[in-house]
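*Asks:* dropping a prediction and its sequence here:
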Amino acid sequence: MTARPAAARPVVRASAVQFLGDEDDYFGRQPARRSELPDPEPLLRNLTHCVIEVLAGARDLDQLARWVTDDVYRNLSKRVVLAARARRVKGQAPRRPAFTIGNVLTCEPADGVVEAVIMVHQRPRSRAVAIRLEGLDQRWRASAISVL
């Protein structure tokens, strides 16, 4: 039996630890100015369309993951589960809803932030979808979505 030498541990200096702590600031999400971002209205319309279809069970939530923050994804995931449970209790199958996108009202409370209300018209009723977009890494990401 041959004894193996113990593996040498790398020495980490205090300056290296400080540098590694700054890594989040450098590699984390970087806010973008409004002038660096595209027009938000097409994204607002498409995102609203997708959210309504996700809640109806006609689209997979994973398709929205790129466009929403982690908190929004978790909240939508909970609503998808509740909607699927309600459909199952009623004996309804998931199907693509028929609706039209109406007015899009936007305001910009800060540079690189857009808050919008999008009207969704369905045959039985009209709904409003409120979305907050934030410019991160030269593209829009939804940091809040509420279907009213």
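*Replies:* Received the coordinates, thanks. All of these numbers come straight from a predicted model, not from anything done at the bench.

*Asks:* quick check: closest non-adjacent residue to residue 45.
*Replies:* Sequence neighbours aside, residue 101 is the residue nearest to residue 45 in space, at 5.3 Å (criterion: Cβ to Cβ, 6 or more residues apart in numbering). C-beta coordinates here come from the backbone N, C-alpha and C atoms, glycine included.

*Asks:* any idea which helix or strand carries the one you found?
*Replies:* Per DSSP states H and E: residue 101 is located in strand 99-110.

*Asks:* burial count for the residue nearest to residue 45?
*Replies:* 16 (other Cβ atoms under 10 Å).

*Asks:* what secondary structure does residue 59 sit in?
*Replies:* What DSSP: H, G, I helix; E, B strand; the rest coil gives for residue 59 is coil.

*Asks:* surely it meets residue 47?
*Replies:* No. Taking contacts as Cβ atoms under 8 Å, residue 59 lies outside contact range of residue 47: 11.7 Å.

*Asks:* of the two, who's got more company?
*Replies:* Using other Cβ under 10 Å as the criterion, residue 59 and residue 47 rank with residue 47 on top: 22 against 18.

*Asks:* so what does that one have for phi and psi?
*Replies:* Dihedral angles of residue 47 (phi, psi; degrees, to the nearest 10) stand at phi -70, psi -40.

*Asks:* can you pull the contacts of it?
*Replies:* Residues in contact with residue 47 (Cβ atoms under 8 Å, 6 or more residues apart in numbering) are 64, 67, 131, 142, 145.

*Asks:* low-confidence ranges, this protein, go.
*Replies:* Counting by pLDDT under 70, the ranges of the chain that qualify are 1-27.

*Asks:* the residue nearest to residue 45 contacts residue 46, correct?
*Replies:* No. Between residue 101 and residue 46 there is no contact under Cβ under 8 Å: 9.2 Å.
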